[in-house]
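In: give me a model of this one.
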Amino acid sequence: MNAEIISVGTELLLGNIVNTNAQYLSKRLAELGHFVYRQTTVGDNAERLAQVLKEALERTTLIVMTGGLGPTQDDLTKETVAKLFNRKLLLDEVSLKRIRERTGEIELSDANKKQAYIPEGAILLPNDVGTAPGCILEDRGKIIVLLPGPPVEMENMFERYAAQHLKHYSEGVLVSRILRIFGLRESQLAGILKDFFERYENPTVAPYASDGEVTVRITARATDKKQAEKMIAPVAEEIIKRLGDHIYAEGKTSLEEVVIEMLKKAHLSIATAESCTGGLMASKLINVPGASEVFKEGIIAYSNEAKMRLLGVTSQILKTHGAVSAETALEMAKGVATLAGSDIGVSITGIAGPGGGTPEKPVGLVYIGIWFAGRKSVKKLQLHGNRNWIRLKSALYALDTLRRVLKTQSK
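Out: Numbering: from 1, shown residues only. The predicted model follows:
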């Protein structure tokens, strides 16, 4: 069944709140076999909301709306929907009782009592987390689902009640498998996998760029999940074979999670020394639960004096080669491993900008040093973008470089 999502709330249009509801619902509806073709955000205005709803009804069968069910005067979703379908708003005693229990009010204010009204003939969706109930309205072959705006309330109501109802209208399922890739730009990936994009219609293959890396999504439409996964498997296998080591994980697994798991399996410890990234790599690593088993220490050595005092980088190396150099990166990596008593030391030194660059050493020049049980390696990067982007990419490249070293050692 084709579907549209309408998110209601002026705060969404103003950018005060991130619309996580639409992302969540798009994914869940697809899993239930309802395919979202459009998302719309509209403010708390009855006239504009009615117009958006009329247009959606002309295009699609299923409409899922979030927001505008609360107690304030600008919460107008139920009222607008009821008016459009010529339905009365009727007081639901069960909802009224729940609101009394949650608010502690014996005599409810008109504002709170307003939430207990639902359109005539609608299916009630109880709110087990908040006060405003939702509902499902069916009319002339159209289905409209009204859900609250707060994400916790919306997700609970959708999973416990709305999803169960929508399963009966499923036309199959949409299943995706995500391959996570680092070290290739989206344009490079598009060139490598061009024939996949052209060859397959079901399953489809599509690349996406996000947060300094790229993912490939393989999506199949089938009667059930098992059939869809069977359709995806040979396509994924062929892509994995073609991309090789550029694929570091699947699903939601992050690069730092992969690295931490590899370190655990190899019983190896790590310490980091960072300059231009200011501890960003260390932060990513310790965000992973269980990182304390392998992560010993992180040093931010921003100045030359700190590099010498904390990491043992000699003044001669800094004078001859500079702070941003392969020689300094290697000394930093060795120094932090020695200081922490770790098996591995990883360092990052570079020029994040916007100033500080020269023709010989431009902004975006970064060196990553690895010291592993006496063996040294260094990676040189020339990155482009603003300061934060260069810092992010540097930290990710350091993680990926370490991943590749660990993979080589495990063979």
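
In: host element of residue 235?
Out: Taking DSSP states H and E as the criterion, residue 235 maps to helix 225-243.

In: and what of residue 157?
Out: Using DSSP H and E, the element containing residue 157 is helix 151-157.

In: residue contacts, the closest residue to residue 153 other than its chain neighbours?
Out: In space, and not counting its chain neighbours, residue 153 is closest to residue 130: 4.2 Å by Cβ to Cβ, 6 or more residues apart in numbering. In this view, the C-beta of every residue, glycine as well, is placed from N, C-alpha and C. Neighbouring residues of residue 130 by Cβ atoms under 8 Å, 6 or more residues apart in numbering: 102, 148, 150, 152, 153.

In: pLDDT at the fourth one, what is it?
Out: The one in question is residue 152. pLDDT recorded at residue 152 is 96.

In: tally of neighbours for it?
Out: 10 (other Cβ atoms under 10 Å).

In: residues touching the closest residue in space to it that isn't next to it in sequence, list them.
Out: Excluding the flanking residues, the one nearest residue 152 by Cβ to Cβ, 6+ apart is residue 129, at 5.6 Å. Going by Cβ under 8 Å, 6+ apart, residue 129 touches 150, 152, 153, 156, 157.

In: compare these and tell me which is most surrounded.
Out: Tallying neighbours with other Cβ under 10 Å puts residue 157 at the head of those, with 25 neighbours.

In: quick check: that one vs residue 60, distance?
Out: To residue 60, residue 157 is 21 Å away according to Cβ to Cβ, to the nearest Å.

In: how about residue 338?
Out: 64 Å.

In: so which of these two has more stuff around it?
Out: Comparing residue 338 with residue 60 by other Cβ under 10 Å, the one with more neighbours is residue 60, at 19 against 14.

In: so the more buried one is in contact with residue 6, correct?
Out: No. Judged on Cβ atoms under 8 Å, residue 60 makes no contact with residue 6 at a distance of 10.5 Å.

In: tell me which residues in stretch 396-410 are buried?
Out: 396, 397, 398, 399, 400, 401, 402, 403, 404, 405, 406 (16 or more other Cβ atoms under 10 Å).

In: kindly report the same for stretch 117-129.
Out: Buried, per 16+ other Cβ under 10 Å, within stretch 117-129: 117, 118, 119, 122, 125, 126, 127.

In: now swap in stretch 268-278 and tell me
Out: For stretch 268-278, by 16+ other Cβ under 10 Å, it's 268, 269, 270, 271, 272, 273, 274, 275, 276, 277.

In: kindly list the longest helix within the chain.
Out: helix 387-410 (DSSP state H).

In: what are the buried residues along stretch 233-244?
Out: 235, 236, 239, 243.

In: nope, stretch 44-62 is what I was after
Out: For stretch 44-62, a neighbour-count test (16+ other Cβ under 10 Å) marks 44, 49, 50, 52, 53, 56, 57, 60, 62 as buried.

In: now these in JSON lines, with distance to residue 178, secondary structure and pLDDT?
Out: Output for the buried residues of stretch 44-62, formatted as JSON lines (distance: Cβ to Cβ, whole Å; DSSP: H, G, I helix; E, B strand; the rest coil; pLDDT from 0 to 100):
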{"residue": "44", "distance to residue 178": "36", "secondary structure": "coil", "pLDDT": "94"}
{"residue": "49", "distance to residue 178": "35", "secondary structure": "helix", "pLDDT": "96"}
{"residue": "50", "distance to residue 178": "38", "secondary structure": "helix", "pLDDT": "96"}
{"residue": "52", "distance to residue 178": "32", "secondary structure": "helix", "pLDDT": "97"}
{"residue": "53", "distance to residue 178": "33", "secondary structure": "helix", "pLDDT": "96"}
{"residue": "56", "distance to residue 178": "29", "secondary structure": "helix", "pLDDT": "96"}
{"residue": "57", "distance to residue 178": "33", "secondary structure": "helix", "pLDDT": "95"}
{"residue": "60", "distance to residue 178": "27", "secondary structure": "coil", "pLDDT": "95"}
{"residue": "62", "distance to residue 178": "25", "secondary structure": "strand", "pLDDT": "96"}
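
In: take those and lay them out in CSV including distance to residue 254.
Out: Formatted as CSV, these follow (distance: Cβ to Cβ, whole Å):
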residue, distance to residue 254
44, 37
49, 39
50, 43
52, 37
53, 39
56, 36
57, 41
60, 35
62, 34
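
In: nearest to residue 352, of the residues you listed?
Out: Of all the buried residues of stretch 44-62, the one with the least separation from residue 352 (Cβ to Cβ) is residue 44, at 42.1 Å.

In: isn't that closest one right up against residue 7?
Out: No. Using Cβ under 8 Å, residue 44 makes no contact with residue 7, being 11.4 Å away.

In: per-domain residue ranges of this protein.
Out: 2-169, 173-250, 255-410 (automatic domain parsing).
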